[in-house]
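In: Need the 3D shape of this:
(one chain, ligands or ions: 3)
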Amino acid sequence: MKKYIPAAVLFVVFEAVAVSLAVFKDNIFYLFNFSYIGCSISLGVVLYIRSYKNARRVVQLLVGLYMLVYLGIICNENMQLEGFWYYLFSGVFEAATIHYLVAKIAGPLVFGRGWCGYACWTAMALDFLPYKTPQSHERRGSGWLRYLAFAASILFVAALFLTHAADMERIMFRAFIFGNLIYYALGIGLAVWLRDNRAYCKYICPVTVFLKPASYFSLFRVTCDKGKCVNCGQCVRVCPMDVDMTDNSRARKNGTECILCMECVKKCPTGALK
Ligand code: SF4
Ligand code: SF4
Ligand code: SF4
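Out: Ligands and ions are numbered 1, 2, ... in the order given. The predicted model follows:
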């Protein structure tokens with residue numbers, strides 16, 4: 001049973017967040033929300049431990065669809081970046097602000113880009129495409145487009161506040177729907193063009209402006225036991241994010257891009273990665 005301890009720890013952590021927020025905010029929704037996410041992630045860890053090859057996809061679908069369909073479309077919560085700015089500018093610590101704090105600002109200090117590997121509803125769809133291993137591990141350009149997209153999201157919401165736009169809730173809901181359609185179109189187009197499922201994550205996604213600096217310090221990260229490594233290169237070839245996980249330094253190539261998918265760990269023939 002010892003091997004299931006990580007799943008149990010994750011479940012307890014999410015329950016602690018669920019109960020704390022439910023009490024602090026006096027809202028039972030947080031109990032349901034974080035309990036559901038915690039159960040989904042713990043289930044994924046159990047499936048991974050039991051060597052079920054689609055364990056990560058199960059978590060992606062459970063969490064990604066819940067956030068996209070239930071929270072986004074049914075509950076009208078804009079959980080995209082513009083939703084975060086909207087709640088922040090409104091001075092409200094709800095929905096997207098809590099989501100960003102837990103998953104994308106503070107959380108990555110502990111679990112790095114785990115959000116990107118297990119919960120993002122954009123990547124949930126992109127990972128169904130056939131280019132799971134990039135055709136080339138060399139990046140094209142510096143990824144400056146992410147900063148443009150980041151700035152555009154702030155300017156969009158700031159403009160709504162400065163012009164005192166009427167019915168901002170409705171505008172934010174429409175922004176969520178159209179924003180997602182644009183992200184999916186761009187993500188799929190770029191993946192097909194560059195033959196790389198995660199091209200959108202590497203070049204355009206504005207959320208990485210938050211994710212990358214915090215994940216540099218991530219507590220959980222793949223490390224390499226140099227004594228066991230035979231330099232076969234299989235791990236690097238299979239990595240969807242072009243990370244050089246054989247380098248244990250924090251400054252390793254594309255180190256802030258690791259989505260903790262564990263494909264390299266599964267592929268390593270000598271068990272050097274953990
Ligand atoms: S980089 Fe952006 S689109 Fe890709 S998984 Fe992370 S949050 Fe989602
Ligand atoms: S293959 Fe390894 S280094 Fe690459 S993203 Fe997955 S866990 Fe991270
Ligand atoms: S797959 Fe394992 S043995 Fe091969 S280079 Fe990577 S860490 Fe070393």
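In: How about the residues of the stretch 101-250 of the chain by ligand 1?
Out: The stretch 101-250 of the chain has residues 116, 120, 122-123, 200-201, 205, 207-208 near ligand 1, with proximity defined as CB under 6 Å from any ligand atom. (C-beta placed from N, C-alpha, C; glycine too.)
In: now these in JSON lines, with neighbour count, secondary structure and pLDDT?
Out: What follows is these, written out as JSON lines (neighbours: other CB atoms under 10 Å; DSSP: H, G, I helix; E, B strand; the rest coil; pLDDT from 0 to 100):
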{"residue": "116", "neighbour count": "26", "secondary structure": "helix", "pLDDT": "97"}
{"residue": "120", "neighbour count": "25", "secondary structure": "coil", "pLDDT": "96"}
{"residue": "122", "neighbour count": "20", "secondary structure": "helix", "pLDDT": "97"}
{"residue": "123", "neighbour count": "23", "secondary structure": "helix", "pLDDT": "97"}
{"residue": "200", "neighbour count": "23", "secondary structure": "helix", "pLDDT": "96"}
{"residue": "201", "neighbour count": "27", "secondary structure": "helix", "pLDDT": "97"}
{"residue": "205", "neighbour count": "24", "secondary structure": "coil", "pLDDT": "96"}
{"residue": "207", "neighbour count": "23", "secondary structure": "coil", "pLDDT": "97"}
{"residue": "208", "neighbour count": "23", "secondary structure": "helix", "pLDDT": "97"}
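In: want to throw those into a markdown table with distance to ligand 2?
Out: Output for those, formatted as a markdown table (distance: CB to the nearest ligand atom, whole Å):
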| residue | distance to ligand 2 |
| --- | --- |
| 116 | 9 |
| 120 | 13 |
| 122 | 16 |
| 123 | 12 |
| 200 | 15 |
| 201 | 10 |
| 205 | 15 |
| 207 | 16 |
| 208 | 14 |
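In: For the stretch 51-200 of the chain, which segments are assigned as helices?
Out: For the stretch 51-200 of the chain, helices defined by DSSP state H, counting those that start in this stretch occupy the ranges 55-65, 81-90, 95-99, 108-111, 114-118, 121-126, 145-162, 168-194, 199-203.
In: and of the residues of the stretch 101-250 of the chain next to ligand 1, the nearest to residue 57?
Out: Closest to residue 57 out of those is residue 123 (10.7 Å), distances taken as CB to CB.
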